[in-house]
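Enquirer: Predicted structure and sequence below. I'll ask about it afterward.
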Amino acid sequence: MRSFRYKQVVVVREDLPMSRGKLAAQVAHGAVLGAEECRRKREEWFREWMGEGQRKVVVSVPGEGELRELLREALELGLPAGLVEDAGLTELPPGTVTVLAVGPAPSELVDRVTGKLPLLR
């Protein structure tokens, strides 16, 4: 099995009624948001992550409160992180927080925030 030193984790809310397509779009928004945040703040992490193949993992939490707590933990560790707020053009009201991107960053740091969360099913 290939070893990755860097990864990005996208955390999805389980309590939102999103179609599979909407969910996929929100995860994609999170991946781009997190990558851009990393590129601006920790360019060396971004370059390493890109060179390794951009490992991404998608996990879930019950609701918005858990997302905000994870964001707080990530920022305390100095990790690139950001919440995605939906524009409200299709399935959700404007401003609905849908996902949190953590990283890309060193895997052991990301795991301190997201390591115990279940994979999205």
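Expert: Yep, that arrived. Residues are numbered from 1 along each chain as shown.

Enquirer: For the helix or strand where residue 59 lies, give me every contacting residue.
Expert: For residue 59, the host element (DSSP states H and E) is strand 56-61. With CB atoms under 8 Å, 6 or more residues apart in numbering as the test, strand 56-61 has contacts from 7-14, 27, 31, 67, 70, 114, 117-121. For glycine as for every other residue, the C-beta is placed from the backbone atoms N, C-alpha and C.

Enquirer: which of the residues in the next helix or strand after that strand are buried?
Expert: Next in sequence after strand 56-61, counting helices and strands by DSSP H and E, comes helix 64-76. In terms of neighbour count (16 or more other CB atoms under 10 Å), helix 64-76 has its buried residues at 64, 66, 67, 70, 71, 74.

Enquirer: ok, now which ones touch the fourth one?
Expert: Residue 70 sits next to 11, 61, 81, 100, 102, 113, 114 when contact means CB under 8 Å, 6+ apart.

Enquirer: Please put the alpha-carbon coordinates of the helix or strand encompassing the fifth one into PDB.
Expert: Remark: residue 102 resides in strand 97-106, with elements defined by DSSP H and E. What follows is strand 97-106 as a C-alpha-only set of coordinates in PDB (Å, rounded to 0.1, in the frame of the first residue of the first chain):
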ATOM      1  CA  VAL A  97     -22.900  25.400   5.900                       C
ATOM      2  CA  THR A  98     -22.500  22.000   4.100                       C
ATOM      3  CA  VAL A  99     -18.900  20.800   4.500                       C
ATOM      4  CA  LEU A 100     -15.600  21.500   6.200                       C
ATOM      5  CA  ALA A 101     -12.200  21.100   4.400                       C
ATOM      6  CA  VAL A 102      -9.200  20.300   6.600                       C
ATOM      7  CA  GLY A 103      -5.900  20.400   4.800                       C
ATOM      8  CA  PRO A 104      -4.000  19.500   2.800                       C
ATOM      9  CA  ALA A 105      -1.500  19.100   5.600                       C
ATOM     10  CA  PRO A 106       0.700  16.500   7.200                       C
END
